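Q: Next input, structure requested:
(one chain, ligands or ions: 1)
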Amino acid sequence: MTDAVDYAALRARARATWSAGDFAVVGTMLPIVSENLCEYVDLRAEEDVLDVATGSGNTAIAAARRFARVTGLDFVPALLERGRQRATAEGLDVTYVEGDAEELPFPDDSFDVVLSTFGVMFAPDQAKAAGELVRVLRPGGRIGLSVWVPDGVVGEMFRTFVKHVPPPPGVTPPVAWSGEAHLSTLFPGAKVELIRRRLRVVMPSVDFWSDYFRQHFGPTIKAFEAVGPQGAPALEADLKAFAHRNNLSGDGTLVLPQDYVDILIRP
Ligand SMILES: C[S@@+](CC[C@H](N)C(=O)[O-])C[C@H]1O[C@@H](n2cnc3c(N)ncnc32)[C@H](O)[C@@H]1O
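A: Purely as a prediction, here's the structure:
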């Protein structure tokens, strides 16, 4: 029952999760995703663009490289500060705003394009977040999303977390955003197109990957906190086994294929 879900508590928990570690470090693997999404939505110069859950600004910056007028929103101030530094380093103009994807601090009909790469999918109240994307979009506008799929490596990684740290009841998994039937309930009447893609995460080794995510990636840090010292060895073993199982490198290094979909929505 959705009305049994305490969304305020989930939002607070999500903010604490993404504030842990430093997603700006992990985000250095993602600019290729942002560039592809800007191409997929056929972004044009001087469009007004909102990047929801921008993190350290990957997608906002990709849009600004195309001379769009860009706002990036996130609920972790430290990540927004990194976004500001990155935009300044490239001589790009991006406005960064602190806020929540479920309550966007913008009037109706503010943007031509609303983007989100592996961002809005993590909002606990999916219907509310989808409604906000549509509300701030101008008539005739486009929504572009990059979303992890359940049958890919990241879907499997989240299932590994869930096996060790069960989520509160009633919560829809974030990867549900990748399904066409689910999208038609989130965006009734919209025209939806999807394309499946693969991000290759290339690292020195499985051990390096494990240490890197435990140090920098909020969801991994929080999963290890939740299981405590007693549960940590089993969680670590499961995560490493999963990385070995999916490793495409054929040598001692790591090549992890992370499948996702780019989605174009015309409400
Ligand atoms: C996986 S990161 C992706 C960041 C960025 N879009 C990128 O591609 O590099 C997820 C981001 O979503 C943000 N986020 C998650 N839920 C949010 C919410 N409800 N409102 C605002 N930001 C949110 C987190 O703070 C984090 O920066």
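Q: From now on I want contacts and neighbour counts done on CA atoms only, so please keep to that.
A: Noted.
Q: near the ligand, which residues of the stretch 101-250 of the chain show up?
A: Taking Cα under 6 Å from any ligand atom as the criterion, the stretch 101-250 of the chain approaches the ligand at residues 101-102, 116-120, 122-123.
Q: let's see it at 5 Å
A: Contact residues, the stretch 101-250 of the chain versus the ligand (Cα under 5 Å from any ligand atom): 101, 117-119, 123.
Q: all strands for the stretch 151-267 of the chain, in order.
A: Applying DSSP state E, counting those that start in this stretch to the stretch 151-267 of the chain gives strands spanning 191-203, 254-266.
Q: Any chance of TSV for those, columns mean pLDDT and mean neighbour count?
A: Shown next, in TSV, are these (pLDDT from 0 to 100; neighbours: other Cα atoms under 10 Å):
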stretch	mean pLDDT	mean neighbour count
strand 191-203	98	15
strand 254-266	98	22
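Q: Between those, which one is closest to Pro150.
A: Among these, strand 254-266 comes nearest to Pro150, with 8.7 Å by Cα to Cα.
Q: list the helices and strands the closest one packs on?
A: If you count contacts as 3 or more Cα pairs under 8 Å, 6 or more residues apart in numbering; DSSP states H and E, strand 254-266 packs onto helix 31-40, strand 137-148, helix 153-164, strand 191-203, helix 218-246.
Q: and with 10 Å instead?
A: The contact analysis (3 or more Cα pairs under 10 Å, 6 or more residues apart in numbering; DSSP states H and E) places strand 254-266 against helix 31-40, strand 111-117, strand 137-148, helix 153-164, helix 180-186, strand 191-203, helix 206-216, helix 218-246.
Q: Neighbouring strands - and their directions - for it?
A: Strand pairing for strand 254-266, using DSSP bridges, gives strand 137-148 (antiparallel), strand 191-203 (antiparallel).
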